[in-house]
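Undergrad: Below: sequence and its predicted model.
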Amino acid sequence: MKQKIYQVDAFTDTLFKGNPAAVCILDNWIPDELMQQIAAENNLAETAFAVPKGNVYELRWFTPVVEVDLCGHATLATAFVLFHHYGADGNTIKFESLRSGELSVERSEDGWLTLDFPKDIFQPDYPSDEIIQALGKKPFGCYKGKTDYLYIYEEQEDIEALDPDFFRLSKLDGRGIIVSAPGVDCDFVSRFFAPQSGINEDPVTGSAHTTLTPYWSEQLVKTKMVAKQLSPRGGYLKCELSGNRVRISGQAVLYLQGEIEIP
């Protein structure tokens, strides 16, 4: 069976920047094992699969090794594909996800796409000595959200200088670790490490901003912020806290489209 596939660079307006995601728009769901195999073959941070269901799309996301609860950049990429290659009507696409409920993506006149995601709920936590050693520098704040840890540092330079021991970091009982600090030319910066999910460092992590946005909103006393993710590819996001939802805006560009052979 032939299946169309797209690869989109998300949270950027420039090819080879941002975070690449593969997107497959299916007529019907295929076996979970097969979706995981396709994601492993793609070997990208995420592969998104969507199936139309009435006026919405059911949506799931897979890393090369696991299915995840929520993925921002692959949702942005899926909306981009639906708007530009499947003729989606209007300027809003609604998704239903198995693990994160209702989501939506809105398209503005200038081409920006805005994710509407649930705000993460996080609590203070204490990093283990092993994780501190793995990161190489102790944070001054630590929190545990639904799936990720958030470690806060004092300066952007601290985030840039981190050189984690990913083998040690993979022992963490969670999806990954967000590290963040105030930004030099933006409101805040971050990086995201998830070796236990098959991704040593994710280029740009939209879902991490469901944790970062409410944290920095409280610290900076503002609801609208600009953020940068300091991976080698880099990413640029606009974030807004709106009640119990987080709005995360970014751009996207198409890298490739083609067909894959699947049994």
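TA: Now that the structure is in, tell me what you want to look at.
Undergrad: Enumerate every residue touching the nearest residue to residue 259 once chain neighbours are set aside.
TA: Leaving aside its sequence neighbours, residue 259 sits nearest to residue 2 (CB to CB, 6 or more residues apart in numbering; 4.7 Å). (Glycine included, C-beta is placed from N, CA and C.) Applying CB atoms under 8 Å, 6 or more residues apart in numbering to residue 2 gives the contacts 259-262.
Undergrad: any chance of the residues you listed in CSV, with secondary structure and distance to residue 45 too?
TA: CSV is the format used below for these (DSSP: H, G, I helix; E, B strand; the rest coil; distance: CB to CB, whole Å):
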residue, secondary structure, distance to residue 45
259, strand, 22
260, strand, 18
261, strand, 23
262, coil, 21
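Undergrad: where along the stretch 151-263 of the chain do the strands fall?
TA: All strands of the stretch 151-263 of the chain, identified by DSSP state E, counting those that start in this stretch, fall at 176-182, 188-194, 199-202, 224-229, 235-242, 245-250, 252-261.
Undergrad: average pLDDT for the second one?
TA: Computed over strand 188-194, the mean pLDDT rounds to 97.
Undergrad: Kindly report the same for the third one.
TA: For strand 199-202, the per-residue pLDDT values average out at 95.
Undergrad: Would you mind giving the domain segments of this structure?
TA: The record's domain parsing of the chain by automatic domain parsing lists 2-110+250-261, 123-243.
Undergrad: Make CSV from these and add distance to residue 116 to it.
TA: CSV is the format used below for the domains of the chain (distance: least, CB to CB, whole Å):
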stretch, distance to residue 116
domain 2-110+250-261, 5
domain 123-243, 8
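Undergrad: Contact partners for residue 147?
TA: Applying CB under 8 Å, 6+ apart to residue 147 gives the contacts 68-70, 174-176.
Undergrad: how about JSON lines for the strands of the stretch 151-263 of the chain, with mean neighbour count added?
TA: JSON lines is the format used below for the strands of the stretch 151-263 of the chain (neighbours: other CB atoms under 10 Å):
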{"stretch": "strand 176-182", "mean neighbour count": "24"}
{"stretch": "strand 188-194", "mean neighbour count": "25"}
{"stretch": "strand 199-202", "mean neighbour count": "21"}
{"stretch": "strand 224-229", "mean neighbour count": "20"}
{"stretch": "strand 235-242", "mean neighbour count": "21"}
{"stretch": "strand 245-250", "mean neighbour count": "22"}
{"stretch": "strand 252-261", "mean neighbour count": "14"}
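Undergrad: Need those strands in JSON lines (columns: distance to residue 118).
TA: JSON lines is the format used below for the strands of the stretch 151-263 of the chain (distance: least, CB to CB, whole Å):
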{"stretch": "strand 176-182", "distance to residue 118": "16"}
{"stretch": "strand 188-194", "distance to residue 118": "18"}
{"stretch": "strand 199-202", "distance to residue 118": "20"}
{"stretch": "strand 224-229", "distance to residue 118": "18"}
{"stretch": "strand 235-242", "distance to residue 118": "11"}
{"stretch": "strand 245-250", "distance to residue 118": "6"}
{"stretch": "strand 252-261", "distance to residue 118": "22"}
